[in-house]
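Asker: A predicted structure for the sequence below; I have some questions about it.
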Amino acid sequence: DTAVSQTPKYLVTQMGNDKSIKCEQNLGHDTMYWYKQDSKKFLKIMFSYNNKELIINETVPNRFSPKSPDKAHLNLHINSLELGDSAVYFCASSQDGWTADGQWTLEGEQYFGPGTRLTVT
Amino acid sequence: AQTVTQSQPEMSVQEAETVTLSCTYDTSESDYYLFWYKQPPSRQMILVIRQEAYKQQNATENRFSVNFQKAAKSFSLKISDSQLGDAAMYFCAYDQGGSEKLVFGKGTKLTVNP
């Protein structure tokens, strides 16, 4: 039973197109993330949502827009795709391990989806 | 399936001292990457250090170094001259080379005492 799923697994498209990647988690977590993995395998966080509210919004082009219809879903929409957008995108979810006063509750491990390899031609 | 184990839920260190965080992993693959990520209360995920499995030399980044023991499947992180800003959750992560498979450990909370 898949915990964090992403669709599609592979996405090949042309420059200028608009595309979406969907993410769903069935773990009951309250926090979801989008990461971009570069060619050196570095993970860079793009967005994080907690209970459908945006809590991390890194400096990414505004062509990228996350949408969280509910706690279990966090979709990534990309407008006007560029060659440099080619990468692997990972969705992840966790229970928010941090409390409001900066304490860690030992529950915040992240579970990752299988990744979506986006190729822009 | 690949697994990553961090056996220390919490660690503490005095400022300016050295601390080592442990990580073990299980895989039957030979091509993979290992990472340590740091997550402060801001919930950012900050890359600390990266190691390719095919490299025997241990990776170092300033005050951060790893002890990579491939045969033992161990990947510990050493933080030298600890600073207050090092306090965070530290996650060990495994990335399967050639495929998109990413596994994180449960994390170790590091407290730095002044």
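Answerer: Noted; the coordinates are in hand.
Asker: rest of the way, CA atoms for contacts and neighbours
Answerer: Noted.
Asker: residues in chain B within reach of chain A, list them.
Answerer: Applying CA under 8 Å from any CA of the partner chain, we find that chain B lies next to chain A at B:9, B:41, B:43-47, B:95, B:100-107, B:109.
Asker: do that again at 10 Å, thanks
Answerer: B:9-10, B:33-35, B:37, B:39-47, B:49-50, B:88-89, B:91, B:95-97, B:99-109 (CA under 10 Å from any CA of the partner chain).
Asker: Please list only the buried members of the residues you listed.
Answerer: B:10, B:33-35, B:37, B:39-41, B:43-47, B:49-50, B:88-89, B:91, B:95-97, B:100-109 (16 or more other CA atoms under 10 Å in any protein chain shown).
Asker: Strands - which of those residues land there?
Answerer: B:10, B:33-35, B:37, B:39, B:46-47, B:49-50, B:88-89, B:91, B:95-96, B:102-104, B:108-109 (DSSP state E).
Asker: Identify all contacting residues around stretch B:55-64.
Answerer: For stretch B:55-64, contacts defined as CA atoms under 10 Å, 6 or more residues apart in numbering or on different chains pick out B:18, B:20, B:33, B:36, B:48-52, B:65-70, B:75, B:77-83.
Asker: Ignoring the adjacent residues along the chain, who's closest to the spatially most central residue of chain B?
Answerer: Note on chain B: the residue nearest the mean C-alpha position is residue B:36, at 3.2 Å, using CA atoms, centre = their mean. Among residues not flanking residue B:36 along the chain, residue B:92 sits closest, at 4.6 Å (CA to CA, 6 or more residues apart in numbering or on different chains).
Asker: check contacts around residue A:18.
Answerer: A:63, A:64, A:77, A:78, A:79, A:80, A:81.
Asker: how about a cut-off of 8 Å?
Answerer: When contacts are counted by CA atoms under 8 Å, 6 or more residues apart in numbering or on different chains, residue A:18 touches A:77, A:78, A:79, A:80, A:81.
Asker: what do you get for residue A:29?
Answerer: So residue A:29 contacts A:71, A:72, A:93, A:94, A:95, A:96 (CA under 8 Å, 6+ apart).
Asker: so it, which of the three states?
Answerer: coil (DSSP: H, G, I helix; E, B strand; the rest coil).
Asker: Tell me the confidence at residue A:113?
Answerer: You'll see residue A:113 listed with a pLDDT of 88.
Asker: Low-confidence bits of chain A, can you list those?
Answerer: A:1, A:103-108 (pLDDT under 70).
Asker: Mind listing the residues bridging to the residue positioned nearest the centre of chain A?
Answerer: Residue closest to the mean C-alpha point of chain A, counted by CA atoms, centre = their mean, is residue A:34 at 1.8 Å. Residues in a beta bridge with residue A:34, per DSSP bridges, are residue A:47, residue A:91.
Asker: Let me know whether it touches residue A:45 as I believe.
Answerer: Yes. Residue A:34 lies in contact with residue A:45 (CA atoms under 8 Å); the separation is 6.2 Å.
Asker: and the residue of chain B nearest chain A?
Answerer: For chain B and chain A, the shortest gap (CA to the nearest CA) falls at residue B:106, measuring 4.8 Å.
Asker: That residue is in contact with residue B:89, isn't it?
Answerer: No. Here residue B:106 does not reach residue B:89: they are 9.5 Å apart, not a contact under CA under 8 Å.
Asker: if we can go back for a sec, among the contacts of stretch B:55-64, name the buried ones.
Answerer: For the contacts of stretch B:55-64, a burial check counting by 16+ other CA under 10 Å picks out B:20, B:33, B:36, B:48-52, B:65-68, B:75, B:77-80, B:82-83.
Asker: Spit out the contact partners of the residue nearest to the centre of chain A.
Answerer: By CA under 8 Å, 6+ apart, the neighbours of residue A:34 are A:45, A:46, A:47, A:48, A:76, A:89, A:90, A:91, A:92.
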